[in-house]
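Q: fold the following, please.
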Amino acid sequence: MTGPVGPTPGGPTVVSPPVAAPPVASVASGAAHGPLHDASLGSTLGSPLVEVAGLSVAFGDRTVVRDVSFSLERGRSLALVGESGSGKSVTARSLLGLNGTGARLRASTLALGGRDLTDLDDRAWRRIRGAEVGYVLQDALVSLDPLRRVGASVADALREHGVRPRAAREERVLELLTRVRVPEPALRARQLPAELSGGLRQRALIAAAVALDPALLIADEPTTALDTTVQAQILDLLDELRSGGTGLLVISHDLGVVEQLADEVLVMQHGVVVEQGPTEQVLGDPQHPYTKRLLAAIPSLHAPGARLSDAPVAPLAPRPPRADRPAVAPGTPVLSVEHVSKTYRGPDRVDRTVVDDVSFELHAGETLGIVGESGSGKSSTAAIALALTEPTSGRVLFEGRAWSELRERERRPHRPRIATVSQDPLSSFDPRKSVRQLVESALRAATGTVATGRVEALLCGVGLDPSLGARHPRTLSGGQRQRVAIARALATDPDVLVLDEAVSALDVSVQAQVLDLLADVQQAYGVAVLFISHDLGVIHHVSDRVLVLRHGRVVETGTAEQVFSSPRDPYTRGLLDAVPGARTRRHHQEER
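A: Numbering: from 1, shown residues only. You can find the predicted model right below:
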């Protein structure tokens with residue numbers, strides 16, 4: 001195919017026949033809410049909303065999407081599935097002109113509601129984004145401006161498309177936050193993103209994406225970091241949008257979510273479509289070996305503790321004795337959290353208790369899983385255990401000695417012994433450093449030296465090509481960045497590893513490799529793991545014991561088998577009942 005080649009401002013370089021872009025209708029000033037679609041898109045269900053044929057996208061001499069074709073009707077949902085770097089997000093961003101000026105895009109057809117998208121300028125793209133195509137970004141935790149109130153960020157699309165006056169925008173923001181089940185919406189709208197849990201920030205992003213009732217909603221990992229009950233609510237919301245005629249293009253590594261939400265599935269590997277068809281067919285009777293491998297890596301399809309991947313056991317030598325690790329009496333918990341509570345004063349000057357009399361012990365070689373809804377106090381409890389937040393009352397002991405009560409300069413020499421992998425890896429990295437420099441810094445902080453080949457071994461151990469060491473984390477996918485964070489944590493040779501949603505951004509096959517790696521680390525080194533996750537399948541698979549939090553209080557605790565097979569508290573039963581993907585689990589359990 002031939003045609004003019006050249007960068008469009010704010011969009012990709014396009015190879016296509018010269019086609020004049022039809023005019024894009026503007027949003028009427030003063031419209032506070034309601035359907036704001038371009039009339040050219042029509043409203044008839046069953047007609048093509050999105051048409052893509054022969055789509056290829058390259059950056060330099062590297063083709064990342066090759067000959068992808070699909071269509072999407074109004075009121076239907078298509079899921080793009082595949083590993084990090086498979087081309088899912090690049091494919092979706094092609095419908096928004098967001099692949100960047102360095103992208104070279106070729107397509108025989110790339111259309112939205114019959115409108116050709118291959119020759120739009122930056123102004124035309126801006127008028128489409130938000131009004132006609134809503135976009136829920138993959139990395140919810142860094143997508144909101146940390147210096148702006150949440151309500152202002154949600155209102156951006158309204159302001160950009162001429163919704164006036166300000167009072168109308170504020171009213172619409174509260175309506176949107178309520179619609180996506182944000183509690184106390186008036187309060188949350190006045191807060192900064194850092195004051196909200198990960199799940200609440202995710203819901204705020206979805207509110208912003210649907211502010212103008214777009215005809216097409218692209219949801220890139222829309223339930224990442226959400227607990228099962230909130231996830232179920234978001235899936236219900238997306239299903240309501242679909243039932244109302246919105247077309248959904250969903251990108252997700254969670255095949256349970258895909259099963260529940262998608263009408264059709266398109267499986268991508270290395271930028272190529274390897275399998276596509278109705279959801280029930282692809283997930284229930286996969287034909288391609290890659291699809292079968294993705295399904296086989298789902299933790300809930302295996303016995304707890306079983307290996308999830310075909311990756312070899314990590315070659316980890318037994319930990320040598322170290323002089324800086326004092327002897328500990330046998331049976332002493334590595335970490336003891338004793339009756340800790342934490343209260344914050346909100347912008348409305350009301351005190352709110354986010355952790356309420358929580359106690360637990362963590363022993364060497366043991367994994368304690370912590371579950372609960374967004375805002376239940378999981379991350380706040382972890383911050384107290386790490387001595388990053390001082391408890392209002394109670395205390396934390398490390399190996400039987402004072403920890404939370406120490407001054408930071410007294411804790412600092414021991415900090416490498418308690419490593420953490422945060423929910424938001426990118427903002428935890430030094431922005432000036434490459435991947436290799438990040439891991440090297442952790443090694444030097446813990447041991448003072450960097451042994452030859454150690455950085456490469458750590459990167460390989462978490463499923464990364466050592467050549468990525470020269471890259472900056474900003475250039476990596478969300479899943480790759482999370483693996484860098486895990487490699488950095490392991491570099492300190494820790495006694496305790498705190499993982500806060502550490503595998504939430506990983507596709508299932510890479511997640512399987514990482515979970516297997518963590519099991520190998522525990523077996524070789526006896527590391528104690530505090531594992532926080534909204535994914536109950538992962539928690540059941542990795543945990544020896546489970547602690548369930550609600551509104552900052554422990555409502556249930558016990559062995560993983562007890563909690564998952566015979567939950568006592570109605571709240572725990574509600575969490576388990578809300579887990580998506582039951583049909584897929586039943587099918588594969590029958591196959592086994």
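
Q: just the helices in the stretch 201-350 of the chain please.
A: For the stretch 201-350 of the chain, the helices defined by DSSP state H, counting those that start in this stretch occupy 228-243, 255-261, 279-284, 289-296.

Q: tell me which of these lies nearest to Arg454.
A: Between Arg454 and these, the tightest spacing by CB to CB is seen for helix 289-296, at 29.9 Å. C-betas here are computed from N, CA, C, even on glycine.

Q: excluding its own residues, what touches the closest one? List them.
A: Helix 289-296 is contacted from outside by 81-83, 255, 267, 269, 274-275, 282-283, 286, 301, 308, 507-509, 584, 588, using CB atoms under 8 Å, 6 or more residues apart in numbering.

Q: switch to 7 Å and redo it
A: Val81, Leu255, Val267, Gln269, Val274, Glu275, Val282, Leu283, Pro286, Val508, Ser509, His588 (CB atoms under 7 Å, 6 or more residues apart in numbering).

Q: just put the helices of the stretch 201-350 of the chain in CSV and tack on mean neighbour count and mean pLDDT.
A: Putting the helices of the stretch 201-350 of the chain into CSV (neighbours: other CB atoms under 10 Å; pLDDT from 0 to 100) gives the following:
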stretch, mean neighbour count, mean pLDDT
helix 228-243, 19, 84
helix 255-261, 24, 90
helix 279-284, 20, 94
helix 289-296, 18, 92
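
Q: could you dump the ones you listed to a markdown table with distance to Leu144?
A: Output for these, formatted as a markdown table (distance: least, CB to CB, whole Å):
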| stretch | distance to Leu144 |
| --- | --- |
| helix 228-243 | 17 |
| helix 255-261 | 22 |
| helix 279-284 | 31 |
| helix 289-296 | 30 |
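
Q: so, low pLDDT: which residues of the protein?
A: 1-47, 138-141, 225, 314-327, 505, 581-592 (pLDDT under 70).

Q: that one - how does it break down into domains?
A: According to automatic domain parsing, the chain comprises the domains 28-296, 335-591.

Q: how about the ones you listed in CSV, adding distance to Ala329?
A: Converted to CSV, those look like this (distance: least, CB to CB, whole Å):
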stretch, distance to Ala329
domain 28-296, 37
domain 335-591, 7
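
Q: circling back to that earlier point, tell me which of the contacts of helix 289-296 is nearest to Ile370?
A: The shortest approach to Ile370 among these belongs to Val508, at 21.7 Å (CB to CB).

Q: isn't the closest one up against Ala297?
A: Yes: at 4.4 Å, Val508 and Ala297 qualify as touching, with contact defined as CB atoms under 7 Å.

Q: give me the common contacts of the two.
A: Joint contacts of Val508 and Ala297 (CB under 7 Å, 6+ apart) do not exist.

Q: just the contacts of helix 289-296 now: which is nearest Arg545?
A: In terms of CB to CB, no member of the contacts of helix 289-296 lies closer to Arg545 than Val508, at 24.5 Å.

Q: got phi/psi on the closest one?
A: Backbone torsions for Val508, taken as degrees, to the nearest 10, come to phi -60, psi -30.

Q: swap in the one 3 residues further on?
A: Backbone geometry at Gln511, expressed as degrees, to the nearest 10, gives phi -60, psi -40.

Q: now for it: which residues touch it?
A: Gln511 is in contact with Ala297, Val503, counting by CB under 7 Å, 6+ apart.

Q: rerun at 8 Å
A: His253, Ala297, Pro299, Leu308, Val503, Val538.

Q: what number of residues lie near the last one?
A: Taking other CB atoms under 10 Å as the neighbour definition, Val538 ends up with a count of 23.

Q: and it, which helix or strand is it part of?
A: Per DSSP states H and E: Val538 is located in helix 536-542.

Q: counting neighbours, what do you get for Ala489?
A: By other CB under 10 Å, neighbour count at Ala489 equals 24.

Q: quick one: it from Glu175, how far?
A: Per CB to CB, to the nearest Å, Ala489 is found 41 Å from Glu175.

Q: coming back round to it: relative to Val355, which of the helices of the stretch 201-350 of the chain is closest?
A: Smallest distance to Val355 across those (CB to CB): 19.3 Å, for helix 228-243.

Q: elements contacting the closest one?
A: With contacts taken as 3 or more CB pairs under 8 Å, 6 or more residues apart in numbering; DSSP states H and E, helix 228-243 sits against helix 198-209, strand 216-220, strand 247-251, helix 255-261, helix 570-577.

Q: would you map the strands across the stretch 451-592 of the chain?
A: For the stretch 451-592 of the chain, the strands defined by DSSP state E, counting those that start in this stretch cover 496-500, 528-532, 545-550, 553-559.

Q: TSV for the ones you listed, including mean neighbour count and distance to Asp516?
A: What follows is these, written out as TSV (neighbours: other CB atoms under 10 Å; distance: least, CB to CB, whole Å):
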stretch	mean neighbour count	distance to Asp516
strand 496-500	24	14
strand 528-532	25	14
strand 545-550	23	20
strand 553-559	17	22
